[in-house]
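Visitor: Need coordinates for the below:
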Amino acid sequence: MEKERRLVVVAVAAVVIAAVTTAFFAPSQTTLPIPEPRRNSGGNSTSSGVQVLAENLEVPWALDVAEDGRIFFTERAGRIRVIENGTLLEDPVAFINVEQNEESGLLGLALHPNFTENHLLYIYHTYSNGSSILNKVLMLTERDNQIIESKVIIDGIPAADRNDGGRIKFGPDGKLYIATGDARQPELAQDGRSLAGKILRLNPDGTIPEDNPFEGSPVYSYGHRNIQGLAWHPETGELYASEHGDQGNDEINIIRPGANYGWPIEDCNAERFEEPVVCFTPAIAPGGIVIPSSDRLGYQSDIVLAALKAQQLRLVELPLDSERNILTGYGRIRDVVEAPDGTLYVATSNRDGRAIPEQGDDKILRITNPQ
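Guide: Numbers count the residues shown, from 1 in each chain. Coordinates of the predicted model:
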């Protein structure tokens with residue numbers, strides 16, 4: 001009870017601070033038109049700079065690339081899979097027993113920063129305990145493309161058939177960041193006693209970092225509806241997050257420790273809380289984001305954003321100078337990550353119930369030349 005009271009009291013202070021610090025800034029609202037969907041007709045790419053690495057997948061949700069070149073990804077139905085030496089392995093690394101209903105299931109995946117030494121990877125998934133559905137994060141140990149151990153890192157995250165969040169990433173500080181959704185209960189985003197509608201920050205073993213903004217709490221920021229992407233700027237170290245709004249008002253935010261992002265009281269044109277740096281109306285349904293550290297493709301230190309509804313990869317140039325589409329023709333795009341060599345890997349999401357799949361869907365793509 002004392003822990004809860006501390007979080008609520010500090011949260012009130014954060015609201016006041018947010019109101020003061022954001023009053024002088026206004027979000028950049030996108031003016032880039034959403035292109036008409038343009039799909040391939042059985043072809044492998046829309047340009048010579050895109051390669052199809054795997055196809056006929058079942059809603060790939062999250063990707064990560066190991067330094068040894070292996071690509072690990074989740075499929076929402078519960079499979080963890082691997083592409084090794086350019087070939088999709090037939091047998092999954094693991095099959096996770098998940099509660100898969102609409103947008104719930106096996107979602108985020110992140111490799112430990114020292115994966116090549118400790119072989120630890122982390123997943124976020126929805127499950128049923130018999131009376132309710134919840135989300136939790138597991139730490140898994142991999143050996144020879146098989147999971148040999150598992151440990152629960154955090155449990156009791158509210159879940160629903162939509163707004164589950166699910167993106168997990170390791171930050172440059174070595175901490176694990178976990179994006180949760182409001183689980184279709186908007187009031188939970190402002191409730192300091194709930195893990196819903198938050199970004200959580202944990203040590204890799206699941207303990208709470210001593211420098212978290214709320215003493216004894218995993219909560220790093222709150223007032224979120226449904227975050228789908230997390231990325232750090234390679235020069236400034238700032239954390240950016242992409243978030244689904246309600247009937248438009250999708251956002252990109254800079255995340256500050258202890259800050260309140262306003263949902264469900266405000267979104268986009270905020271007056272009392274942290275204000276987004278970009279607001280997308282009409283909705284584009286942003287997915288994963290990455291801010292490349294390499295300039296191999298010419299996107300260094302700019303935001304590359306996967307978009308589901310807009311069916312594109314979008315480049316948002318920082319500091320918010322311009323936007324443009326850098327990939328269309330593959331339908332809904334769920335995630336994008338940067339490989340150690342500076343190329344980009346992309347996961348499509350055309351079998352997620354919100355599109356008409358075409359031959360070969362879903363796919364993992366590799367972008368080797370600028371689009």
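
Visitor: Quick one: find the helix or strand in the chain with the lowest mean pLDDT.
Guide: helix 2-21 (a mean of 39; mean pLDDT, DSSP states H and E).

Visitor: Can you tell me the strand partners of the longest strand along the chain and which way each runs?
Guide: Longest strand in the chain, counting residues (DSSP state E): strand 146-158. Paired strands of strand 146-158, with direction, are strand 133-143 (antiparallel) (DSSP bridges).

Visitor: quick one: buried residues of the partner strand?
Guide: 133-140, 142 (16 or more other C-beta atoms under 10 Å). No exception for glycine: its C-beta is placed from N, CA and C like everyone else's.

Visitor: now stretch 266-286
Guide: Judged by neighbour count using 16+ other C-beta under 10 Å, the buried positions of stretch 266-286 are 266-268, 270, 273-280, 283-286.

Visitor: got CSV for the buried residues of strand 133-143, with pLDDT and distance to residue 299 too?
Guide: Formatted as CSV, these follow (pLDDT from 0 to 100; distance: C-beta to C-beta, whole Å):
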residue, pLDDT, distance to residue 299
133, 97, 38
134, 98, 37
135, 98, 31
136, 98, 34
137, 98, 29
138, 98, 32
139, 98, 31
140, 98, 31
142, 98, 30
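
Visitor: Phi and psi next, for residue 235.
Guide: Taking degrees, to the nearest 10, you get phi -100, psi -50 for the backbone angles of residue 235.

Visitor: again, but for residue 187
Guide: Torsion angles, degrees, to the nearest 10, at residue 187: phi -60, psi -20.

Visitor: Can you get me a residue count around it?
Guide: Number of residues near residue 187 (other C-beta atoms under 10 Å) recorded here: 13.

Visitor: Also residue 60?
Guide: For residue 60, the count of nearby residues is 25 (other C-beta under 10 Å).

Visitor: Let me see the contact set for it.
Guide: 73-76, 334-335, 347-349, 362, 364 (C-beta atoms under 8 Å, 6 or more residues apart in numbering).

Visitor: With adjacent residues omitted, what lies nearest to it?
Guide: Ranked by C-beta to C-beta, 6 or more residues apart in numbering and with sequence neighbours excluded, the top spatial neighbour of residue 60 is residue 347, at 4.0 Å.

Visitor: Also residue 94?
Guide: The shortest distance from residue 94 to any non-neighbouring residue, by C-beta to C-beta, 6+ apart, is to residue 147 (4.1 Å).

Visitor: ok, that neighbour to residue 81 distance?
Guide: Distance of residue 147 to residue 81, given as C-beta to C-beta, to the nearest Å: 12 Å.

Visitor: what touches both of those two?
Guide: Contacts common to residue 147 and residue 81, judged by C-beta under 8 Å, 6+ apart, are residue 93.

Visitor: Looking at those two now, which is surrounded by more residues?
Guide: For residue 147 and residue 81, the more surrounded residue by other C-beta under 10 Å is residue 81, and the numbers stand at 23 against 19.

Visitor: Please tell me the pLDDT value assigned to that one.
Guide: Residue 81 is assigned a predicted lDDT (pLDDT) of 98.

Visitor: Tell me which residues of the helix or strand encompassing it come out buried.
Guide: Assigned by DSSP states H and E, residue 81 belongs to strand 79-84. The neighbour-count check on strand 79-84 (16+ other C-beta under 10 Å) flags 79-83 as buried.

Visitor: Repeat that for stretch 192-205.
Guide: Buried, per 16+ other C-beta under 10 Å, within stretch 192-205: 192, 194-202, 204.

Visitor: Can you lay out those residues as JSON lines showing secondary structure and distance to residue 302?
Guide: Conversion of the buried residues of stretch 192-205 to JSON lines gives the following (DSSP: H, G, I helix; E, B strand; the rest coil; distance: C-beta to C-beta, whole Å):
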{"residue": "192", "secondary structure": "coil", "distance to residue 302": "35"}
{"residue": "194", "secondary structure": "coil", "distance to residue 302": "34"}
{"residue": "195", "secondary structure": "coil", "distance to residue 302": "32"}
{"residue": "196", "secondary structure": "coil", "distance to residue 302": "31"}
{"residue": "197", "secondary structure": "coil", "distance to residue 302": "28"}
{"residue": "198", "secondary structure": "strand", "distance to residue 302": "27"}
{"residue": "199", "secondary structure": "strand", "distance to residue 302": "22"}
{"residue": "200", "secondary structure": "strand", "distance to residue 302": "27"}
{"residue": "201", "secondary structure": "strand", "distance to residue 302": "25"}
{"residue": "202", "secondary structure": "strand", "distance to residue 302": "29"}
{"residue": "204", "secondary structure": "coil", "distance to residue 302": "29"}
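
Visitor: Closest one of those residues to residue 164?
Guide: Closest approach between the buried residues of stretch 192-205 and residue 164, by C-beta to C-beta: residue 196, at 9.3 Å.

Visitor: Verify the stated contact: the closest one with residue 181.
Guide: Yes: applying C-beta atoms under 8 Å, one finds residue 196 in contact with residue 181, separated by 6.7 Å.

Visitor: okay, now residue 86: neighbour count?
Guide: 11.
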